[in-house]
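[1] Prediction below, plus the sequence it came from.
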2 protein chains.
Amino acid sequence: MRQAGDLSCAPSIDAQQALARAEALCQQRGARLTDLRRRVLEIIWSSATPLGAYTILDVLRDDGRQGAPPTVYRALDFLLAQGLIHRLASLNVFTGCRRPGSHHSGQFLICRDCGRVSELSNPAIDELLRAETDARGFEVLAQIVEILGRCPDCLEEPTRHD
Amino acid sequence: MRQAGDLSCAPSIDAQQALARAEALCQQRGARLTDLRRRVLEIIWSSATPLGAYTILDVLRDDGRQGAPPTVYRALDFLLAQGLIHRLASLNVFTGCRRPGSHHSGQFLICRDCGRVSELSNPAIDELLRAETDARGFEVLAQIVEILGRCPDCLEEPTRHD
DNA sequence: TGATGTTATGTTATAGAATAACATTTGTTA
DNA sequence: TAACAAATGTTATTCTATAACATAACATCA
């Protein structure tokens, strides 16, 4: 896949850094980042674009590992619970969290053309949503903000405008 | 299912009104609101909570109609294209649009306990998101804002707090 | 150390959501 | 009525996710 500029406003964190950070966080928390879970996190971080569960399963099998769908989904559930990855509901895919440690819902810009995802973190948006839910007496458990569109790089490439 | 207060800030629109409005809009546009499409819209509006495609299919079959998944999905695609319903990506369900006519993305509060959905329309949220995307040169094609939580009515019922 | 309980993973089967591909019917227009 | 376009019927398949139960790994303590 062609290269695209980094869509994230945060400094790019590569797989190595993400794994190290995950190790540290899990140790702090007494959560067990097992081989399988670490490998799934690594697979996710090694991809330029979010991955579906079955794609991750394929990679695990390429590793020579045994595995069925529950294998992957359980690892994903763990990583989600630890706030190490996000699930993009609009695409049924998973992407590494750029701000692990703070369990946040995140706000995402998803490019339809190159598939890359930018994770925003605009407190004003959170505050507005919070004001709306507070005013209604609605208790928030999870929050999904996903914007599908075309990133600046892909907008420059007319051939990709299908 | 137990009754819950209206979560929507807009006046409650019942199925009859929604159908009449859909008729008018489709006529204006030269879009064909066929028997099947009208019936699917009616099924959606007749439910207090959003419905999945296969639930709608079951109702169609109870009607004595023939049908397979594509039957439903094609009708849903039409209704989505006309802005008469919304799809909630986090639950894979469909709900009637309270503001048909203006093709908007909508913002939704979804109660985990009673399943009811409130459609917000806070321009400030849209503006903030727009500012973010504009600043990044990101072209928006679709926007998803869904908040999962517990509505005021369900918060009053401790037995439901599982 | 070994018994016990807990957590994680393996395994099989199935449920749930969505679409591909092609056939048939219905509606519209010439 | 012929011809075309739009809508629906039909069969099969793909993709996403979980249920249920078996086994293995790890931890704790007598």
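    Structure received.

[2] now the longest strand along chain A against strand B:139-150, angle please.
    Counting residues, the longest strand found in chain A (DSSP state E) is strand A:139-150. Taking axes from the mean of the first three to the mean of the last three CA atoms, to 10 degrees, one finds strand A:139-150 and strand B:139-150 inclined to each other by 170 degrees.

[3] ok, strand A:139-150 near chain B or not?
    Yes. Strand A:139-150 is in contact with chain B by CB under 8 Å from any CB of the partner chain, via A:139-150. Just so you know, the C-beta spots here come from the backbone N, C-alpha and C atoms, and that holds for glycine as well.

[4] out of these, which are buried?
    A:139-140, A:143-150 (16 or more other CB atoms under 10 Å in any protein chain shown).

[5] Identify, from these, the entry nearest to B:Ala68.
    Closest approach between these and B:Ala68, by CB to CB: A:Leu148, at 28.4 Å.

[6] hey, what's the closest one bridged with?
    Residues in a beta bridge with A:Leu148, per DSSP bridges, are A:Ile110, B:Ala142.

[7] Might you report the residue contacts of it?
    Applying CB atoms under 8 Å, 6 or more residues apart in numbering or on different chains to A:Leu148 gives the contacts A:90, A:110, A:112, B:140-144.

[8] residues touching A:Gly149, list them.
    Residues counted as contacts of A:Gly149 (CB under 8 Å, 6+ apart) are A:109-112, B:133, B:138-142.

[9] what number of residues lie near A:Arg29?
    A count of nearby residues for A:Arg29, using other CB atoms under 10 Å in any protein chain shown, gives 11.

[10] and what of the one 3 residues further on?
    Neighbourhood size, A:Arg32 [other CB under 10 Å]: 9.

[11] Doesn't it lie inside a strand?
    No. Assessed with DSSP: H, G, I helix; E, B strand; the rest coil, A:Arg32 is coil; it does not lie in a strand.

[12] Quick check: the gap between it and DNA strand C.
    4 Å (CB to the nearest atom of the strand, to the nearest Å).

[13] check contacts around the nearest residue to that residue once chain neighbours are set aside.
    When the adjacent residues along the chain are set aside, A:Arg32 lies closest to A:Cys26, with 6.9 Å between them (CB to CB, 6 or more residues apart in numbering or on different chains). Listed by CB under 8 Å, 6+ apart, the contact set of A:Cys26 reads A:32-33, A:82.

[14] follow-up on the earlier one: and the longest strand of chain A, does that touch DNA strand C?
    No. Remark: strand A:139-150 sits outside contact range of DNA strand C, by CB under 7 Å from any atom of the strand, the gap being at least 13.4 Å.

[15] for that strand, what is the average pLDDT?
    For strand A:139-150, mean pLDDT rounds to 96.

[16] how far does it sit from the chain's center?
    13 Å (CA atoms, centre = their mean, to the nearest Å).

[17] which among the contacts of A:Leu148 gets closest to A:Ala15?
    Closest to A:Ala15, out of all of the contacts of A:Leu148 and judged by CB to CB, is A:Ile110, at 20.3 Å.

[18] and that closest one, what does it touch?
    Contact partners of A:Ile110, counting by CB under 8 Å, 6+ apart, are A:88, A:90-91, A:116-117, A:146-149.

[19] out of those, who's nearest DNA strand D?
    Ranked by distance to DNA strand D (CB to the nearest atom of the strand), the contacts of A:Ile110 are led by A:Leu91 at 7.4 Å.

[20] still on that earlier bit, identify the farthest-apart pair in the contacts of A:Ile110.
    Spatially, the most separated pair among the contacts of A:Ile110 is A:Ser90 and A:Arg116, at 14.5 Å (CB to CB).

[21] Now render the contacts of A:Gly149 as a markdown table, adding distance to A:Cys97.
    A markdown table is the format used below for the contacts of A:Gly149 (distance: CB to CB, whole Å):
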| residue | distance to A:Cys97 |
| --- | --- |
| A:Leu109 | 15 |
| A:Ile110 | 15 |
| A:Cys111 | 18 |
| A:Arg112 | 22 |
| B:Thr133 | 21 |
| B:Phe138 | 20 |
| B:Glu139 | 25 |
| B:Val140 | 23 |
| B:Leu141 | 24 |
| B:Ala142 | 23 |
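
[22] between the residues you listed, which is nearest DNA strand D?
    Within the contacts of A:Gly149, proximity to DNA strand D (CB to the nearest atom of the strand) peaks at A:Ile110, which comes in at 14.0 Å.

[23] just to revisit the earlier point, contacts with DNA strand D among the contacts of A:Leu148, please.
    Okay, of the contacts of A:Leu148, nothing touches DNA strand D (CB under 7 Å from any atom of the strand).

[24] show me the contacts for the residue lying closest to A:Gly101 once chain neighbours are set aside.
    Once flanking residues are discounted, A:Gly101 sits nearest to A:Leu25: 5.9 Å by CB to CB, 6+ apart. Residues in contact with A:Leu25 (CB under 8 Å, 6+ apart) are A:31, A:82, A:84, A:100-101.
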